[in-house]
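Asker: 3D model of this:
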Amino acid sequence: MQPDWITASRVVLVAGKGGVGSSTAAAALAVLGARSGLDVLLVAVDGKPGLGPLLGGSPLTATEQVLRRKRGGGRVRARSITPQQAFADYLDLKGFGGILRRAASAASLDLVAASTPGMEHLLVLGKIKELDRTKAADLIVVDAPPAGHAAPFLRSARALQEVVANGPVRQQADEVAEMLADPSRAQALLVTLPEETPVNELIELAGEVELDLGLALAPLVINSCWAQRPALSLAAVTAARRSEVVLTAADKRALQFTNRFGNARMAVQHEQLARLAAALPLPRIVLPRLPTPRLLPEHLELLADAMGVVPS
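Answerer: Numbers count the residues shown, from 1 in each chain. Below is the predicted model:
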């Protein structure tokens, strides 16, 4: 049973500070959607081909591939969208054909981008808007750029509305802005770690997304959270006695160090979760910290389990 927020809009834009696991959250969301019988299209817009292997497929390109199939007809399709791809598709949409389209896209994108700041972002969002308009999937999950670039990416339509009075660029900006401001069409899923800097950046990004752009916020995703460990409060000697284990002096020192480290990590996590709750009183999804140096396709199933829990 999937939470209602997942199908509140067709497009979910997933963003967070670099390194917080926003791409992993996007992949887990795609798996969860497919489990529920949805036809999911996962889109990478920041040159992240690794999403394909994470889902058990090949690195992502402009050519769509099917990465997962689930019982009930659900599936995960995936592709990348770069500004160059989006510009070529835009020219094709406007009636440029064959050789002329390829020549125009190769020769003019750099010139257009240099003379019109935000144009590359708008082209990508325009392609996503077309995917939404044509109902290319039941759910379109967009792995957006990291937090430092996510706001300019999402703000590109609004920025170009302010400087372009008319013409095809203004029309594209208006249509993208309309999609982002419609909660039945688009929402943002913001991801963070329970650490000070990522939480700071998420709070800032959430303000820009919701207040400046009118983009609806899905539940916040807190990634890589440590499980509660009540036994950390026990002294090593006490824990050993309860377990009927005899400790050497070296064992005691190692356990004491482990307890101090674990308690310190839990204190930071509790503090940052409290800050986040005070600053952004939104539902939250907690993803567990997985004891592995490298995520594998099977780990996504565990994260999809956690993503499917009704937000607290």
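
Asker: show me the helices in the stretch 51-200 of the chain, by range?
Answerer: Taking DSSP state H, counting those that start in this stretch as the criterion, the stretch 51-200 of the chain contains helices spanning 51-54, 83-93, 98-115, 119-133, 147-163, 168-180, 196-207.

Asker: with distance to Gln2, mean pLDDT and mean neighbour count added, can I get the ones you listed in TSV?
Answerer: Glycine gets a C-beta too; all of them are placed from N, C-alpha and C. As requested, these are exported to TSV (distance: least, Cβ to Cβ, whole Å; pLDDT from 0 to 100; neighbours: other Cβ atoms under 10 Å):
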stretch	distance to Gln2	mean pLDDT	mean neighbour count
helix 51-54	21	90	20
helix 83-93	30	72	19
helix 98-115	39	51	13
helix 119-133	20	91	23
helix 147-163	25	83	19
helix 168-180	23	91	19
helix 196-207	23	92	18
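
Asker: mind putting those helices in TSV, distance to Val237 included?
Answerer: Converted to TSV, the helices of the stretch 51-200 of the chain look like this (distance: least, Cβ to Cβ, whole Å):
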stretch	distance to Val237
helix 51-54	43
helix 83-93	62
helix 98-115	65
helix 119-133	59
helix 147-163	45
helix 168-180	58
helix 196-207	34
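
Asker: report how many residues lie close to Leu276.
Answerer: Counted with other Cβ atoms under 10 Å, the neighbours of Leu276 add up to 21.

Asker: might one say that it is in contact with Ile222?
Answerer: Yes - taking Cβ atoms under 8 Å as the contact criterion, Leu276 and Ile222 are neighbours in contact, 7.3 Å apart.

Asker: overlap in contacts of these two?
Answerer: For the pair Leu276 and Ile222, residues contacting each of them under the criterion Cβ atoms under 8 Å, 6 or more residues apart in numbering are Thr192, Pro194, Arg284.

Asker: tell me which of the residues you listed is nearest to Pro291?
Answerer: Taking Cβ to Cβ as the measure, Pro291 sits nearest to Pro194 out of the shared contacts of Leu276 and Ile222, at 16.7 Å.

Asker: how much space between the closest one and Leu202?
Answerer: According to Cβ to Cβ, to the nearest Å, Pro194 stands 11 Å off from Leu202.

Asker: and what of Ser23?
Answerer: Using Cβ to Cβ, one obtains 16 Å as the distance from Ser23 to Leu202.

Asker: tell me the contacts of the residue of the chain most remote from its centre?
Answerer: Most distant from the centre of the chain: Val246, at 47.2 Å, with distances by Cα atoms, centre = their mean. Applying Cβ under 8 Å, 6+ apart, one finds that Val246 lies in contact with Ala240.

Asker: give me the element it is part of.
Answerer: Assessed by DSSP states H and E, Val246 sits outside every helix and strand.

Asker: now it: how far from Ser36?
Answerer: Distance of Val246 to Ser36, computed by Cβ to Cβ: 51 Å.

Asker: how about Val12?
Answerer: Using Cβ to Cβ, one obtains 14 Å as the distance from Val12 to Ser36.

Asker: one more: Val286?
Answerer: Separation of Val286 from Ser36 (Cβ to Cβ): 20 Å.

Asker: mutual contacts of Val12 and Ser36, please.
Answerer: What both Val12 and Ser36 touch, as defined by Cβ under 8 Å, 6+ apart, is the set Ile6.

Asker: compare those two and say which is more crowded by neighbours.
Answerer: Between Val12 and Ser36, counted using other Cβ under 10 Å, Val12 has the larger neighbour count: 24 against 18.

Asker: for burial, what's the neighbour tally of the spatially closest residue to Thr61 that is not a sequence neighbour?
Answerer: With Cβ to Cβ, 6 or more residues apart in numbering as the measure, Ser80 is the residue that lies nearest to Thr61, at 5.9 Å, once sequence neighbours are left out. Each residue near Ser80 was counted by other Cβ under 10 Å, and the total is 22.

Asker: swap in Thr134?
Answerer: Neighbourhood size, Thr134 [other Cβ under 10 Å]: 8.

Asker: now swap in Met266 and tell me
Answerer: As a burial measure, Met266 scores 18 neighbours (other Cβ under 10 Å).

Asker: give me phi/psi at it?
Answerer: Backbone torsions of Met266, given as degrees, to the nearest 10, read phi -70, psi -40.

Asker: right, I'll leave it there.
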